[in-house]
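> Structure of the sequence below:
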Amino acid sequence: MSNHLLRLPPALKHRKFTLLWAGLFLSVAGSQMQLWALFWHIRSLSDQPIAVSGVGVARFVPILVFSLIAGLIADLRNRRKIMLATQSVMMLAALGLAVLTYLDIIRLWQIYLLTAIQAAAISFDNPARQALTANLVPKADLPSAFSLNSIAMTTGAVVGPALSGVVIAFAGQEFTYLFNACSYIGVLLALVLMGEVPQQQIASFNGQPGAIKFEAIKDGIRFIYRSPIILSSMLLDFLATFFSSANTLLPFVAQDILKVGAVEYGWLAGAQALGGVLAGLTLSQNSNLTRQGRLLLGAVGMFGLATIVFGISRSYLLTFAALVFVGGSDAVSTILRNTIRQIQTPDQIRGRMVSINQIFFMGGPQLGEIEAGLVAQAFGVGAAVVSGGIGCILAVGLTGWRWPQLWRYNGDEPVLAGG
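As a prediction, the model looks like this:
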């Protein structure tokens, strides 16, 4: 029986993926430390919930502007080299936050500006990174690879927020940003060590190899439109995260409802990631996962239900437990969405698919942060969270009704031809 409890995940048998995955551990911890420290920082600069909406705007607008072209570039250019550039830009933006905070001259507009610069880099980084992952492991090991990526993300999201509270309390806000700047070195080193990675690239347009043509972007849009499984999973992602994106309100829950300090806030921020680690570790043991559509819809439904509990809770322990379930169900749905989309997409169009997808999976949370801030400003923090959870559950029902093929999706269906 012990042989079935824990074994080496299949994706870790591939050296280049293992290097990238290991680099993500340190980088994600730093990014999560910065993210939750940023929310706390904004709360210290303003007591208005609407202030957190500025972060949502700063993170969404660059993604909306750059995503489509970023995906095409990920299909035209070397994905590893793109990541070397994007990770460097994000490192410099984090360093800027650290310096301005240390000099005690930082203002809200500067936080928004540097956040927007990082978001612009992320809009190019995500398509390259997700498409690169599919180049590093065979198709059968993709569920394992994305589960391991989820573990890296969620483990960093446990360690980062927990450390952010301690660092803020005992060292200072600027050191959370400084740690994040240093953490990007892990991914940069992994990208250097892995060497070249073969990938299928777009054929030339009108005899101009690598020329950026709007027609190629339209090919990506048409491909998604022709694939109801990919389209429905993207819309589900957007609707669920739009309604249930209340993370930016956590400092207000911690300080104004639960009456706790920075250290306790850090543990609450890490609770979601703790659930995500447990879920990711379970799924990482599996290859050729079946009934993926039903698992996806069920996980998103649980995400909404746990969000409602989080919104009505007035107990620290119950809030912590609800956030663990929020994180676990979100991790399951993220792993399944990524697996479904990567398996159903030919390599030469993966970058464009991911770039269009990131408008949904990053646009939902960022616009959701704006919505949560506005609702919280008008009706209170609890009402904003609870109404979001209800909206998420309704989104699951609507998606399952409109696209019944998502419910029936098993995971071994044939792949559509690419553009």
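> what helix or strand is I117 on?
Counting by DSSP states H and E, the element that carries I117 is helix 108-136.
> Buried residues, that helix. List them.
Neighbour-count burial for helix 108-136 flags 111-112, 114-136 (criterion: 16 or more other CB atoms under 10 Å). (C-beta placed from N, C-alpha, C; glycine too.)
> From the contact counts, what lies against that helix?
helix 15-45, helix 53-76, helix 79-102, helix 142-170, helix 316-343, helix 350-361 (3 or more CB pairs under 8 Å, 6 or more residues apart in numbering; DSSP states H and E).
> Next, the angle helix 142-170 makes with that helix.
If you take axes from the mean of the first three to the mean of the last three CA atoms, to 10 degrees, helix 108-136 sits at 150 degrees to helix 142-170.
> can you offset everything so residue one is 414?
Yep, numbering from 414; the last one is helix 521-549 now.
> Could you point out which residue ranges in the stretch 514-663 of the chain have low pLDDT?
567, 570, 611-627, 658-660 (pLDDT under 70).
> Helix, strand or coil: sort out L663 for me.
Following DSSP: H, G, I helix; E, B strand; the rest coil, we place L663 in the helix state.
> Neighbours of it, how many?
Neighbourhood size, L663 [other CB atoms under 10 Å]: 26.
> wait, it sits on W680?
No - L663 lies out of contact with W680 (CB atoms under 8 Å); the separation is 11.1 Å.
> ok, now which ones touch C595?
G443 (CB atoms under 8 Å, 6 or more residues apart in numbering).
> rerun at 10 Å
Contact analysis of C595 by CB atoms under 10 Å, 6 or more residues apart in numbering lists L439, S440, G443, M504, A507, L508, A511.
> closest one to W820 among the helices and strands packed on helix 521-549?
helix 729-756 (12.6 Å; CB to CB).
> Just the mean pLDDT for that closest one, thanks.
Average pLDDT, helix 729-756: 85.
> got the angle between it and helix 521-549?
Using the same axes, to 10 degrees: helix 729-756 against helix 521-549 is 50 degrees.
> and helix 729-756, what does it pack onto?
helix 521-549, helix 555-583, helix 641-656, helix 675-696, helix 705-725, helix 763-774, helix 794-815 (3 or more CB pairs under 10 Å, 6 or more residues apart in numbering; DSSP states H and E).
> mind running it again at 7 Å?
In terms of contacts (3 or more CB pairs under 7 Å, 6 or more residues apart in numbering; DSSP states H and E), helix 729-756 is packed against helix 555-583, helix 641-656, helix 675-696, helix 705-725, helix 763-774.
> for the first one, packing partners?
Applying 3+ CB pairs under 7 Å, 6+ apart, one finds that helix 555-583 makes contact with helix 428-458, helix 521-549, helix 586-607, helix 675-696, helix 729-756.
> give me that answer again for 6 Å
helix 428-458, helix 586-607, helix 675-696, helix 729-756 (3 or more CB pairs under 6 Å, 6 or more residues apart in numbering; DSSP states H and E).
> will you turn those into JSON lines that also has distance to C805?
Listed next are the helices and strands packed on helix 555-583 as JSON lines, based on distance: least, CB to CB, whole Å:
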{"stretch": "helix 428-458", "distance to C805": "21"}
{"stretch": "helix 586-607", "distance to C805": "29"}
{"stretch": "helix 675-696", "distance to C805": "15"}
{"stretch": "helix 729-756", "distance to C805": "10"}
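> Between those, which one is closest to S800.
Of all the helices and strands packed on helix 555-583, helix 729-756 comes closest under CB to CB, at 15.5 Å.
> Tell me the buried residues in the closest one?
Buried residues in helix 729-756 (16+ other CB under 10 Å): 729, 732-756.
> residue contacts, the nearest residue to L526 once chain neighbours are set aside?
Leaving aside its sequence neighbours, L526 sits nearest to A471 (CB to CB, 6 or more residues apart in numbering; 7.4 Å). Residues counted as contacts of A471 (CB atoms under 6 Å, 6 or more residues apart in numbering) are Y525, T528, A529.
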